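Undergrad: My questions concern the predicted model and sequence given below.
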Amino acid sequence: MRPPNAIDFWRGVALVMIFVNHIPGLDYSLVTLRNYAISDAAELFVFLAGCSLAFLTNGSNGGSEPKPVGRVIMRLLLRAFEIWRAQIVTISIAIAMLGAGAIAFNDPLLLEWHGAGPAFTDTVRSSIGLALLTYQIGYFNILPLYVVLLLLAIVFVVLSRWSLLLALVASVALYVATLAFQLKLPSWPVGGAWFFNPLSWQILIVLGFLSITVQRRYTAVWHEAVVRLWPWAAAVVCVGAVIVWIDYRPDPMTVPSPRFFFLFDKEFLSPVRILSMMAVAIAFYPAYPVLSRQMGPAVRYFSSLGRNSLAVFCVASLLALGGQIVRYLGEPTFLFDTAIVVTGLVVLRITAWVAEFQSSTS
Amino acid sequence: MGRRISVFNVLMACAAVGLVPHAAVATDASRPAVETKKAIEPPARVVPLAAPSGPAAGQATKRSPLLRFATPRDSTECKVKSPAYEGRAPLRAVRRAILQNRPVRVIALGSSSTVGVGASSPRATYPIRLENDLEGVIEGLKVEMYARGQSGEVAEGAAERLKIDVAEIRPDLVVWQVGTNDAVARIDAETFGSLLRDTLAWLASHKIDVVLIDPQYVERLAQDARYTSIVNEISKIASEKRVLLVNRFDAMADLARQHPGSSYLSNDRFHLNDLGYRCMAEYATRAIVAGIIQADTENGAMH
């Protein structure tokens, strides 16, 4: 078990925010990122996944001792498979929870939640879609994104072996083409497209990967850049908070074309969301050392979640669904919601402990 | 549920039940008798709609008929006692598109009902049926239907997506099935209402017609305060914003009473089946036809 670090800590924070945000109507969502920034916990989670990628592919020091390309590709493929497997298990349990709830409470409405309907009414095609990741239900659509991002990351990591700039240019080119031509991955059997478009979201994982790689290879330059950029990042964070507070959103009918460059769109990850995420990352970069000194137990708690992010994410998603069902069947009050959140936080910590216990014995 | 009965609703219900010419009369008492006469002149079940006002604006008698309406389909199985729709709102953009001889672009936005969960085939889903019904009712009309169904989506997400879709498609009409998932997710009626108001205001600012469809009726939740509060909020806002509202909740409640075996529901007892979608499309068709006629009765007021 590695000691707490900034990436694990912030990833743990992102996981808790995702858990809270996935229970609509909770007052506790007021303390999550989406109420203070144009980006939200999903962006933070993916960006930090990119940071972790640097350690996965470049070695534990993040950049100075790159691992053999063949081994890196194999690790990424295995990781993608692991996440695919987690998605299948998690979404299957979610669908089972809805089905069980519908039977136990004689309430067919539960079968409808978050687009689970086709799983019950069009089982044949939906089961194929589940395996292909083209059938996703609401709040269970981040892991499919993550699978595709890891597969795309193979290309960018290989390119980065020649040049970090080349990897960045390739990522930006794909991102720009995706927004300009509205490239999408189709959903099936339900029409439409993926809730998170991997072709645009890939840029965030590449930015995370490059951030850590550059930090480890060119530490002095990196540090100087962060110091210089910090005031600007803080200003962007403040402006973003004001924009969110006044609830401003660009009007899609009046922005220039290609419009996704100018909107706050989440599916395509409009540039302003990337800017917001990078500003948040830089602005809060110096915060971790302070927090680790002042709030040791909290840092250890969140870091433990972040260290075991996949298991914790899966359990958090299911807990959130359970929380929604309980709120639907009961009468939500602040106390009731508090009980849901506290229970969730405890279960997530237990999940992290079990995951660490399991890895220590294997 | 005091909102449900009004003289106007009764009049609109009478119109919707099958007599479009009567709907035109009912919605505008001052409409000249000549208009009614025009309704009689064409072959049975076909009604001409007046052309837009020209130099003789305000003199409906001078208008020349350009469009012909057949009576909307009125299946026996879909007949209900409650009005199929409520409100008195002109669909000016739709009328303009018709008179410009171009296809009417319609976005059908909603959740599982728009996706067609429970339908036996894509052709049996409500957007396709609505498209066919409208084309069957209005002579020469071509509808370009864009079904944007997203199962389980609450209004917050749907509103964002709606704006993007509207910017892409530039529709004349948005048929928005709204509220079911918000009611299920226990979204506060006030929060939901605020969002709906903002989105309707945005659509109005871009001169796009709207027809709302309220939540699905579910027997177990018929008396659920939170569920019905969303239903009532939609009705209140539709009235406030002068938007046509298809009374799916009441209509389905009537259907449930008339067909205790729930023959309009699929096996899960929640989603509609082919018959349910047919009824939904019929109700929406009636509302849209009434809205076009209303636009015409307002003497061709154009955006």
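TA: Received the coordinates, thanks.

Undergrad: contacts and neighbour counts: CA atoms only from here.
TA: Noted.

Undergrad: Just give the number of residues close to residue A:35.
TA: 16 (other Cα atoms under 10 Å in any protein chain shown).

Undergrad: Quick check, pLDDT for it.
TA: Reading off the confidence values, residue A:35 has pLDDT 91.

Undergrad: Need the nearest residue in space to it, chain neighbours excluded.
TA: Excluding its sequence neighbours, the residue lying closest to residue A:35 (Cα to Cα, 6 or more residues apart in numbering or on different chains) is residue A:244, at 6.6 Å.

Undergrad: OK, contacts around the one you found?
TA: By Cα atoms under 8 Å, 6 or more residues apart in numbering or on different chains, the contact list for residue A:244 reads A:35-38.

Undergrad: Mind telling me what element it is part of?
TA: helix A:219-245 (DSSP states H and E).

Undergrad: And that helix, what's buried?
TA: A:222, A:226, A:230, A:233-234, A:236-241, A:244 (16 or more other Cα atoms under 10 Å in any protein chain shown).

Undergrad: got it, and stretch A:320-339?
TA: Applying 16+ other Cα under 10 Å to stretch A:320-339 flags A:320-328, A:332, A:337 as buried.

Undergrad: coming back round to it: now for the contacts of residue A:244, which pair is the farthest apart?
TA: Across the contacts of residue A:244, the longest distance by Cα to Cα is 8.0 Å; it joins A:35 and A:38.

Undergrad: Scan chain B for its longest helix.
TA: helix B:274-297 (DSSP state H).

Undergrad: residues in the stretch 1-150 of chain A within reach of chain B, list them.
TA: A:24-25, A:107-109, A:112-118, A:121-122, A:138 (Cα under 8 Å from any Cα of the partner chain).

Undergrad: Just to be sure, which of those are found in helices?
TA: Using DSSP H, those in helices are A:117-118, A:121.

Undergrad: Could you identify which of the residues you listed has the most neighbours?
TA: residue A:117 (27 neighbours).

Undergrad: wouldn't that one be in contact with residue A:111 here?
TA: Yes. Counting by Cα atoms under 8 Å, residue A:117 touches residue A:111, with 5.5 Å between them.

Undergrad: intersection of neighbour lists for residue A:35 and residue A:38?
TA: Contacts common to residue A:35 and residue A:38, judged by Cα under 8 Å, 6+ apart, are A:241, A:244.

Undergrad: ok, back up a step: same question for the helix holding residue A:244, mean pLDDT?
TA: Per-residue scores along helix A:219-245 average to 95.

Undergrad: Over to stretch A:134-149?
TA: 94.

Undergrad: Now the terminal residues of that stretch, how far apart.
TA: One end of stretch A:134-149 to the other measures 15 Å (Cα to Cα, to the nearest Å).

Undergrad: Same check on stretch A:186-196?
TA: Per Cα to Cα, stretch A:186-196 runs 11 Å from first to last residue.

Undergrad: Next: stretch A:108-128.
TA: First-to-last distance for stretch A:108-128 - Cα to Cα - comes to 23 Å.
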